[in-house]
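A.B. asks: got a structure for you, letters missing:
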């Protein structure tokens, strides 16, 4: 069976299909609207698939805390004091067994609408990824959709114990939750009149970002509570692990994974995976993959020293944020040399197939934002390197391919170069790209075309999909500041990729050393090469010690294909 390079399209589901352009700051669902699962119809999914995507990560599917009142549907209301933004954070889960009602045309049939979306996505040849948020839940977590016989999180907890392996939460010994550090900044005119009383939680539960007293600050994840996987963080002797017998939380969370796997979900992007012990992941992924061998697990892990531990615990892929993302971003911005990219892939070369590359996601600033590059085209060389250098997965955030700037001040989210995950909002870029293409600007159309070219090449060309890689920078020190060059080869197909991070056109000579010919089995001869981006042909002398001369326009690159 043909090997496939995974290309993930992350969509913030609430935003993607929303064509309401009111965009009132701190607006309600009724005022600003919300994208729906049904917006991903066959035509829209086909458009996404035609861009080269193999997987869609539907972000924010599971029901989370929100200020919107759904009590008429039997859904418990959340106190506004412990919700961030009108729409709420998708990482403050209120019911692991439920679908976010905001996303449904018919709230009572929200699970059926999600199941139909999974079926439509599969029909278009793509796989489905959803979030699994294992470290924390909303403060008012209460499952109303759990299967018969399932006990809710915290249902049998002994709240008089700070820590117990039988408890799902950590408790503050009878002390009430103190939100005084939050309330002054949290109150605003849009929420004041609807808050009838202050939120009460006694005893207080530990806060999601490992804050173990009863008084979280405004920079804490105060809307969430930490789940207990058998680690006593406040032991008299320091942090201690208690994994035998298996903690109660392990079984409950694994059952949740199995529930969604049975729904046809193909993979899980696991939020803040490194805040949950690797021992749990080894136990849980083993059980899930025993039943569903093809399910994939993607971990949000930021500590490179922990990468191999979490891969060993069953993760298929990990974010390469601290290494490759940070480096490529700095190169795009002109703060680091392009040659520094070499040391980043070398640092994870032994686990290269497990590293997930990206340039944007919901946590990071948009390339086109003032806080990043200020121009989406400056990201194209980084896109080429991140997508074509190796065969490991690449992820693109919806709107990235259209130059979304992320410069709106939506409400809870200020103008910070990111697209809000807390507010009801819509994006012109996505409306133009997928729902009203007649309004596509020339710049959006051109950028989308280039993204389609590069992303589809990642799988249509065997050399990129599964070929060997040879980094050419060690023999091209004259390029190391603003250009980056490498070879990919599979069978007799050879690719020479050279990118230009500079805002100026360059004429350059690219050296291919004798070792590259020997390592890749390249035959030295005169060849005809074609640039897969422009269609331009070039006759080159493919010989060791004979540089290949080329010109490259600003913020782009050459992808020369030839017989090698």
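C.D. replies: Happy to help now that I have it. Please read all numbers here as calculations on a predicted model, not as lab measurements.
A.B. asks: wait, residue 386 touches residue 360, no?
C.D. replies: No - between residue 386 and residue 360 there is no contact, the gap being 10.6 Å when judged by Cβ atoms under 8 Å. Bear in mind the C-beta positions are built from the backbone N, C-alpha and C, glycine included.
A.B. asks: and stretch 534-554, what's buried?
C.D. replies: Across stretch 534-554, burial judged by 16 or more other Cβ atoms under 10 Å covers 538, 540, 542, 548, 550, 552, 554.
A.B. asks: I'd like the distance between the nearest residue to residue 316 once chain neighbours are set aside and residue 417.
C.D. replies: Nearest non-adjacent residue to residue 316, counting by Cβ to Cβ, 6 or more residues apart in numbering: residue 296, 4.5 Å away. Between residue 296 and residue 417 the distance is 30 Å, computed by Cβ to Cβ, to the nearest Å.
A.B. asks: what of residue 215?
C.D. replies: To residue 417, residue 215 is 31 Å away according to Cβ to Cβ.
A.B. asks: same deal with residue 543?
C.D. replies: Distance, residue 543 to residue 417, using Cβ to Cβ: 47 Å.
A.B. asks: next: residue 429.
C.D. replies: 14 Å.
A.B. asks: and these two? Which one has more around it.
C.D. replies: The residue with more neighbours, out of residue 429 and residue 417, is residue 429; 26 against 18, by other Cβ atoms under 10 Å.
A.B. asks: the more buried one against residue 447, yeah?
C.D. replies: No - look at residue 429 against residue 447 with Cβ under 8 Å: they stay out of range, at 9.6 Å.
A.B. asks: what do these two both touch?
C.D. replies: 402, 403 (Cβ atoms under 8 Å, 6 or more residues apart in numbering).
A.B. asks: any stretches of the chain with poor pLDDT?
C.D. replies: Residues of the chain meeting the criterion pLDDT under 70: 1, 184-197.
A.B. asks: grab the longest helix from it for me.
C.D. replies: helix 442-460 (DSSP state H).
A.B. asks: for it, buried residues please.
C.D. replies: Residues of helix 442-460 classed as buried by neighbour count (16+ other Cβ under 10 Å): 444, 447, 448, 450, 451, 453, 454, 455, 457, 458, 459.
A.B. asks: the helix or strand just after it - contacts with which helices or strands?
C.D. replies: Counting by DSSP states H and E, the next helix or strand C-terminal to helix 442-460 is helix 462-466. Applying 3 or more Cβ pairs under 8 Å, 6 or more residues apart in numbering; DSSP states H and E, one finds that helix 462-466 contacts helix 442-460, strand 483-490, strand 493-500.
A.B. asks: check which helices and strands the strand or helix carrying residue 226 sits against.
C.D. replies: Applying DSSP H and E as the criterion places residue 226 in strand 224-226. Applying 3+ Cβ pairs under 8 Å, 6+ apart, we find strand 224-226 packed against strand 136-138.
A.B. asks: contacts for the strand it packs on?
C.D. replies: The contact list for strand 136-138 (Cβ under 8 Å, 6+ apart) reads 64-65, 78, 82, 91-94, 96, 153, 208-209, 221, 223-227, 272.
A.B. asks: ok, that strand: who's next to it in the sheet?
C.D. replies: Using DSSP bridges, the strands paired with strand 136-138 are strand 224-226 (antiparallel).
A.B. asks: buried set for the partner strand?
C.D. replies: For strand 224-226, the neighbour count (16+ other Cβ under 10 Å) marks 224, 225, 226 as buried.
A.B. asks: between residue 386 and residue 360, which one's more packed in?
C.D. replies: Neighbour comparison, residue 386 and residue 360: the larger count goes to residue 360, with 28 against 24 (by other Cβ under 10 Å).
A.B. asks: the more buried one is in contact with residue 401, isn't it?
C.D. replies: No - with contact defined as Cβ under 8 Å, residue 360 does not count as touching residue 401 (9.8 Å).
A.B. asks: what's near enough to touch the residue nearest in space to the middle of the chain?
C.D. replies: With distances taken as Cα atoms, centre = their mean, the residue of the chain nearest its centroid is residue 361 (4.9 Å). By Cβ under 8 Å, 6+ apart, the contact list for residue 361 reads 10, 395, 397.
A.B. asks: enumerate the beta-bridge partners assigned to the second one.
C.D. replies: On DSSP bridges, the residues paired with residue 395 through beta bridges are residue 8, residue 358.
A.B. asks: that one: how many residues sit nearby?
C.D. replies: Number of residues near residue 395 (other Cβ under 10 Å) recorded here: 26.
A.B. asks: can you check the first one too?
C.D. replies: Using other Cβ under 10 Å, residue 10 has 24 other residues around it.
A.B. asks: swap in the last one?
C.D. replies: For residue 397, the count of nearby residues is 25 (other Cβ under 10 Å).
A.B. asks: that one contacts residue 360, doesn't it?
C.D. replies: Yes - under the criterion of Cβ under 8 Å, residue 397 makes contact with residue 360 at 3.9 Å.
A.B. asks: residue 282 touches residue 310, doesn't it?
C.D. replies: No - at 9.3 Å, residue 282 does not count as touching residue 310 under the criterion of Cβ under 8 Å.
A.B. asks: between the two, which one's more packed in?
C.D. replies: residue 310 (24 against 16).
A.B. asks: in terms of helices and strands, where is the more buried one?
C.D. replies: Using DSSP H and E, residue 310 falls in helix 307-312.
A.B. asks: for that helix, packing partners?
C.D. replies: If you count contacts as 3+ Cβ pairs under 8 Å, 6+ apart, helix 307-312 packs onto helix 278-291, strand 317-319.
A.B. asks: out of those, flag the one nearest residue 39.
C.D. replies: In terms of Cβ to Cβ, the element of the helices and strands packed on helix 307-312 nearest to residue 39 is strand 317-319, at 27.3 Å.
A.B. asks: would you mark the buried spots in the closest one?
C.D. replies: For strand 317-319, the neighbour count (16+ other Cβ under 10 Å) marks 317, 318, 319 as buried.
A.B. asks: what's the following helix or strand after that strand?
C.D. replies: Remark: after strand 317-319, the chain's next helix or strand is helix 326-332, criterion DSSP H and E.
A.B. asks: contact partners for the nearest residue to residue 153 once chain neighbours are set aside?
C.D. replies: Once flanking residues are discounted, residue 153 sits nearest to residue 168: 4.5 Å by Cβ to Cβ, 6+ apart. By Cβ under 8 Å, 6+ apart, the contact list for residue 168 reads 153, 154, 157, 227, 228, 248, 249, 252.
A.B. asks: same deal with residue 352?
C.D. replies: With contact set as Cβ under 8 Å, 6+ apart, residue 352 has these partners: 345, 390, 392.
A.B. asks: please produce JSON lines containing those, extended by secondary structure and neighbour count.
C.D. replies: Supplementary listing: the contacts of residue 352 in JSON lines, determined by DSSP: H, G, I helix; E, B strand; the rest coil; neighbours: other Cβ atoms under 10 Å:
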{"residue": "345", "secondary structure": "helix", "neighbour count": "22"}
{"residue": "390", "secondary structure": "coil", "neighbour count": "23"}
{"residue": "392", "secondary structure": "coil", "neighbour count": "20"}
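A.B. asks: let me know the closest of those to residue 52.
C.D. replies: Using Cβ to Cβ, the contacts of residue 352 come closest to residue 52 at residue 392, 15.4 Å.
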